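**Q** Got a sequence here, can you build the structure:
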Amino acid sequence: MNSHKQKSVTFPSPLGERMSAGQVRGFWRSYIFDLDGTLLDTLRDLATSVNYAMEQCHYPTHSIDKVRMMVGNGVATLIKRAVPSGTSDEDTAHALDIFKKHYMEHGEDTTRPYDGIIELLSALKQQGKQIAVVSNKFDAATKALCDKYFPNLIDIALGENEAEGISKKPAPDMVFKAMKQLNASPEECVYIGDSDVDLQTAKNSGIPCISVLWGFRTKEFLQAHGATMFVEKPEEIARLNEK
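**A** The predicted structure is shown next:
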């Protein structure tokens, strides 16, 4: 990579926006992906475990569409949103423990990669790109899912681990940790996700964000939260580096 400062020239982007010289095709060396709603369709298993915890605690259950809007900020926040208003911290923690145990046993029942994801990751690896996953899903589940569904395709998988002093998304901590382990500068990285949390994470990390439209949020929702780069199919991401 050249050490001289690049000019602030812009180029037409295949994603529909103007991009700086540091973001043209082939420049990104490291791809940092969200997991749920981006690489994996995990919604049904998440909803099943949420509702199992609600039933065990004698709380009302939730539709899949309602759970869809609850996810994105980690499982602790997910359960806080799922339990009835006014639930004590102690009872919320109990529901969270039930959820985690059930999810670790059933988190792969219906979960699958979205169509085209395996091909995308394989294409990026063939191009010599580095791939990281940064998720607000708890760390053990993040690593287990990546090992199961993406063997030999993910260089680094990081999940929520605030007990170690690493703040979850949208704080940039996990992204910075991934970049450090990849030995990559922000200028070499791009973030790919499906939610407003991902948009804010990328912004806080100082890297661009590609928003995917097959995940848990609509294009209109993402636009309202500042998204400007969109892909409708995974293969569109790989094509950015073909030329």
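
**Q** who's in contact with residue 98?
**A** 52-53, 56-57 (C-beta atoms under 8 Å, 6 or more residues apart in numbering). C-beta: built from backbone N, CA, C; applies to glycine.

**Q** Please repeat the previous calculation with a cut-off of 7 Å.
**A** Listed by C-beta atoms under 7 Å, 6 or more residues apart in numbering, the contact partners of residue 98 are 53, 56-57.

**Q** with these in mind, which one is nearest to residue 76?
**A** residue 53 (12.3 Å; C-beta to C-beta).

**Q** ok so, going back, I'd like to know which of the contacts of residue 98 are part of strands.
**A** Among the contacts of residue 98, DSSP state E puts none in strands.

**Q** May I see those residues organised as a markdown table, with distance to residue 151 and pLDDT added?
**A** Shown next, in a markdown table, are the contacts of residue 98 (distance: C-beta to C-beta, whole Å; pLDDT from 0 to 100):
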| residue | distance to residue 151 | pLDDT |
| --- | --- | --- |
| 53 | 30 | 98 |
| 56 | 33 | 98 |
| 57 | 36 | 98 |
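
**Q** from those residues, which ones fall inside helices?
**A** 53, 56 (DSSP state H).

**Q** From the contacts of residue 98, list the buried ones, please.
**A** 53, 57 (16 or more other C-beta atoms under 10 Å).

**Q** Go ahead and confirm residue 175 touches residue 136.
**A** No. Using C-beta atoms under 7 Å, residue 175 is not in contact with residue 136, being 11.8 Å away.

**Q** Looking at the two, which is more packed in?
**A** Ranked by neighbour count (other C-beta atoms under 10 Å), residue 175 and residue 136 place residue 136 first, with 27 against 24.

**Q** Find the residue at the geometric middle of the protein.
**A** With distances taken as C-alpha atoms, centre = their mean, residue 34 lies nearest the centre of the chain, 1.5 Å away.

**Q** pLDDT wise, what is that one at?
**A** With respect to pLDDT, residue 34 has a value of 97.

**Q** Can you tell me, leaving aside adjacent residues, what's nearest to it?
**A** Spatially, and ignoring its direct neighbours in sequence, residue 34 is nearest to residue 193 (3.6 Å; C-beta to C-beta, 6 or more residues apart in numbering).

**Q** How much space separates the one you found from residue 154?
**A** 15 Å (C-beta to C-beta, to the nearest Å).

**Q** More neighbours: which of those two?
**A** A direct count of neighbours by other C-beta under 10 Å for residue 193 and residue 154 places residue 193 higher, at 32 against 22.
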